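[1] everything below, folded, please.
(one chain, ligands or ions: 2)
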Amino acid sequence: YDAVLAADPADRGWKDRRDHVTGSISVNGNARKVEGWVIMKKILFVASEAVPFIKTGGLADVLGALPFAQKEIGIDTRILLPAYPKISAGIENTHVVTEFNNFAGHVVLRYGEYNGVGIYLIDAPHLYWREGNPYHDTDYNDYADNYKRFALLGWVGAELATGLDSWWRAEVVHAHDWHAGLAAAYLFNKGRPAKSVFTIHNLAYQGQFAHRHLYEIGLPEGMFHVDGLELFGQISYLKAGLYYSDMVTAVSPTYAKEITTPDFAYGLQGLLTDLREAGKLTGILNGVDQEIWHPSCDPYIQHHYKLKSIAGKKKNKADLQAYFNLPQQPDAPVFVMVTRLTEQKGVDLLIATADEIVKQGGQLAILGSGAKHLEEGICQLAQRYPENIAVKIGYDEALSHLMVAGGDVILVPSRFEPCGLTQLYGLQYGTLPLVRATGGLADTVTNSTSETIKERTATGFVFQKAEADDLRNAIQHAFALWQKQRVWAMVRNNAMAQDFSWKNAAAQYEQLYLSILNQ
Ligand code: ADP
Ligand code: GLC
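    Ligands and ions are numbered 1, 2, ... in the order given. The predicted model follows:
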């Protein structure tokens, strides 16, 4: 551990301490006993969404879990978020840290705590007091002032490393996705007073804005450069995060490699390859929040179960079939999918192959919302095969848990997938993931072959190409295994025995912080 030893932290005005430790050091060749307190590293997470306050995807799940896991292992992680209405409502008893005026107008910085983790809220109602989705209006139009809303987020992130809160100063500013990408750019512009980490949750969303806005967000023209935050003639908040951070991570090892290739990189493959070759781009796999997503204590399901006492799973399956008005057939495998409906997720491939599930006597339940043509596509499936396929359009947290608990197979046929969380939930709940071999899906699911079954490493079904035929084969593969219920149960046991707790990821991020702080 990278420890700072002091006689007593109170003497030095340090409020936070992890543990009292003793050890020895060598002074002029003589061993001397020392004792003191390990001081926690101060890390600031900067992001735009977090469970349980506001969520549009897996990013929020990560923000709702990783900081808490870091706190558990002795890191002093705090989170900076915009004060959207739902976030303000979720954090009680905040106090004002400071008020200021800058390019974004009048801003109040508040501080509160949630489950022991410190949370800074940027209270700027003219920018953030909008109900619903944090990025766009109800017609799916991006807010016209997004450049300013997320510049402010990055700006405050950087300022919290240089005394905006006189009681707490971040040593590492850890920004997540493009929304927070400018934090590293502002730090650079201030002479790099703290270290910075940028985590890519999804390279497909880039935060591109017109060059003219540069003058409105307090960054100098010199940074609008190919060696800087310029991308295809625009300001890219994502590229700012990649270019100016001390370290970049992606949410799985495979995705960290894939994004150095043109197919996955949206023109950023040159920069990402350079970062990787310089040892500045690595992959750290996400985890699962065991307090929310574990079948033995899931607050949303009626029937709890676990590896050694699985009976509850069947009851959840019956509940799920009842919810969707599907015939109560315990013997029919239920395929489930919970997803944003975008090109990324391969929903079109499922639409083209769902008839295979029907033909083989299975059932399919889909929960999702997003692109209109995909919503229509899955609704048509349900109309065509009402006895086998059911769909709910919308966002429904409680139902998503019932689906993961009650399903037999969870489908994630993504074209690309930085990490993917629903397959991890599937593993945890013994709902075998059927996935395409990409990104985090490739890193977390092992295809069931005669060898992997023998070695007891099989955990699901994996197909290679983003093509309907390949998905169809994988579905057939799942039905073939379903016929051998004893083997199915074995694979399910392997899946449920996997450990995706956040502890592993928290420890890997800690190593990363220590390595850049020691540079
Ligand atoms: P992404 O972040 O790309 O959407 P992930 O698999 O990482 O993909 O995370 C998606 C998260 O959002 C999961 O927690 C999943 O359960 C949840 N989710 C997606 N769509 C819905 C929905 N329609 N209703 C409820 N939860 C959803
Ligand atoms: C993104 C990715 C998803 C990942 C999530 C959390 O939304 O699409 O694969 O699991 O972020 O890191």
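
[2] burial measure for Val108, as a count.
    16 (other CB atoms under 10 Å). C-beta coordinates here come from the backbone N, C-alpha and C atoms, glycine included.

[3] tell me the strands beside the helix or strand in which it is found, with direction?
    Here Val108 sits within strand 105-114, counting by DSSP states H and E. Sheet pairing for strand 105-114, assigned by DSSP bridges, gives strand 95-102 (antiparallel), strand 117-123 (antiparallel).

[4] gap between that strand and the chain center?
    24 Å (CA atoms, centre = their mean, to the nearest Å).

[5] and what of stretch 427-446?
    16 Å.

[6] quick check, that stretch touching ligand 1?
    No - shown here: stretch 427-446 not in contact with ligand 1 (CB under 6 Å from any ligand atom), separated by at least 8.1 Å.

[7] equivalent analysis for stretch 481-500, please.
    No - Stretch 481-500 does not reach ligand 1 (CB under 6 Å from any ligand atom); its nearest approach is 12.5 Å.

[8] for the helix or strand hosting Ile378, packing partners?
    Per DSSP H and E, Ile378 falls inside helix 372-384. Secondary-structure packing of helix 372-384 (3 or more CB pairs under 8 Å, 6 or more residues apart in numbering; DSSP states H and E): strand 334-341, helix 347-359, strand 363-370, strand 389-393.

[9] what sits against Gly267?
    Leu231, Phe232 (CB atoms under 8 Å, 6 or more residues apart in numbering).

[10] and it, which of the three is it?
    coil (DSSP: H, G, I helix; E, B strand; the rest coil).

[11] pLDDT value on it, please?
    We have a pLDDT of 95 for Gly267.

[12] before we move on, what about Gly29?
    78.

[13] what's around it, how many residues?
    If we define neighbours as other CB under 10 Å, then Gly29 has 5 of them.

[14] phi and psi next, for whichever residue of the chain sits closest to ligand 1.
    Closest contact between the chain and ligand 1, by CB to the nearest ligand atom, is at Gly58 (2.2 Å). Torsion angles at Gly58 (phi, psi; degrees, to the nearest 10) stand at phi -60, psi -30.

[15] what does the stretch 1-150 of the chain have sitting close to ligand 1?
    Gly57, Gly58, Leu59, Asp61.

[16] kindly report the same for the stretch 201-350 of the chain.
    Close to ligand 1, as judged by CB under 6 Å from any ligand atom, the stretch 201-350 of the chain has residues Val338, Thr339, Arg340.

[17] mind listing what the closest residue in space to the last one that isn't next to it in sequence touches?
    By that I understand Arg340. Leaving aside its sequence neighbours, Arg340 sits nearest to Gly370 (CB to CB, 6 or more residues apart in numbering; 4.9 Å). Neighbour list for Gly370: Arg340, Leu341, Thr342 [criterion: CB under 8 Å, 6+ apart].

[18] got a quick PyMOL command for the buried subset of the residues you listed?
    Remark: buried members of the contacts of Gly370, expressed as a PyMOL selection using 16 or more other CB atoms under 10 Å:
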select buried, resi 340+341+342
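
[19] low pLDDT regions in this protein?
    Low-confidence segments of the chain (pLDDT under 70): 1-21, 35-39.

[20] list the contacts for the closest residue to ligand 2 within the stretch 251-400 of the chain?
    Nearest residue of the stretch 251-400 of the chain to ligand 2 (CB to the nearest ligand atom) works out as Val251 at 4.0 Å. Applying CB under 8 Å, 6+ apart, we find Val251 in contact with Val62, Thr199, Ile200, His201, Gly283, Ile284, Leu285, Asn286, Pro418, Cys419, Gly440.

[21] neighbour-wise, which one of those residues leads?
    Pro418 (30 neighbours).

[22] state the distance from that residue to Glu258.
    9 Å (CB to CB, to the nearest Å).

[23] where do the contact lists of those two overlap?
    Gly439.

[24] which bits of the protein sit near ligand 2?
    Counting by CB under 6 Å from any ligand atom, the chain sits next to ligand 2 at 57-59, 62, 201-202, 251, 286, 417-421, 440.

[25] and Lys42, how close does it get to Ser515?
    16 Å.

[26] more neighbours, those two?
    More crowded of Lys42 and Ser515, by other CB under 10 Å: Lys42, with 20 against 14.

[27] phi, psi of the more buried one?
    Dihedral angles (degrees, to the nearest 10) for Lys42: phi -100, psi 110.

[28] my read: it touches Asp76, true?
    Yes - if you go by CB atoms under 8 Å, Lys42 and Asp76 touch, sitting 4.9 Å apart.

[29] CSV for the strands paired with strand 105-114, including distance to His211 and mean neighbour count?
    Putting the strands paired with strand 105-114 into CSV (distance: least, CB to CB, whole Å; neighbours: other CB atoms under 10 Å) gives the following:
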stretch, distance to His211, mean neighbour count
strand 95-102, 20, 12
strand 117-123, 25, 22
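
[30] tell me which of the ones you listed lies nearest to Asn325.
    strand 117-123 (41.5 Å; CB to CB).

[31] in the next helix or strand after that closest one, what counts as buried?
    As assigned by DSSP H and E, the chain's next helix or strand after strand 117-123 is helix 125-128. By 16+ other CB under 10 Å, the buried positions in helix 125-128 come out as Leu127, Tyr128.

[32] check stretch 501-517 too.
    Buried-residue list, stretch 501-517, by 16+ other CB under 10 Å: Ser501, Trp502, Ala505, Ala506, Tyr509, Glu510, Leu512, Tyr513, Ile516.

[33] what about the fifth one, which SS state?
    Secondary structure state of Tyr509, per three-state DSSP, is helix.

[34] all helices of the stretch 1-150 of the chain, in order?
    Along the stretch 1-150 of the chain, counting by DSSP state H, counting those that start in this stretch, helices occupy 58-63, 66-72, 85-90, 125-128, 146-159.

[35] ok so, going back, excluding its backbone neighbours, what's nearest the residue of the stretch 251-400 of the chain closest to ligand 2?
    Val251 sits nearest to Cys419 (CB to CB, 6+ apart), 3.8 Å away.

[36] what does Glu291 give?
    Per CB to CB, 6+ apart, closest to Glu291 is Cys297, 6.9 Å.

[37] residue contacts, the one you found?
    Counting by CB under 8 Å, 6+ apart, Cys297 has contacts Gln290, Glu291, His304.

[38] quick check, nearest of the residues you listed to Asp139?
    Looking across the contacts of Cys297 and measuring by CB to CB, the closest to Asp139 is Glu291, at 36.4 Å.

[39] distance-wise, check the residue in the stretch 151-300 of the chain that ligand 2 sits nearest to relative to Gly420.
    Here the stretch 151-300 of the chain gets closest to ligand 2 at one residue, His201, 3.3 Å apart by CB to the nearest ligand atom. From His201 across to Gly420, the span is 11 Å (CB to CB).

[40] now do Trp168
    On the measure of CB to CB, Trp168 and Gly420 end up 34 Å apart.

[41] between those two, which one's more packed in?
    Gly420 (30 against 18).

[42] ok, now which ones touch that one?
    Gly58, Val412, Ser414, Val435, Gly439, Gly440, Leu441, Thr444.

[43] got those as TSV, with distance to Leu127 and secondary structure columns?
    Output for the contacts of Gly420, formatted as TSV (distance: CB to CB, whole Å; DSSP: H, G, I helix; E, B strand; the rest coil):
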residue	distance to Leu127	secondary structure
Gly58	25	helix
Val412	35	strand
Ser414	33	coil
Val435	38	strand
Gly439	33	helix
Gly440	33	helix
Leu441	36	helix
Thr444	37	helix
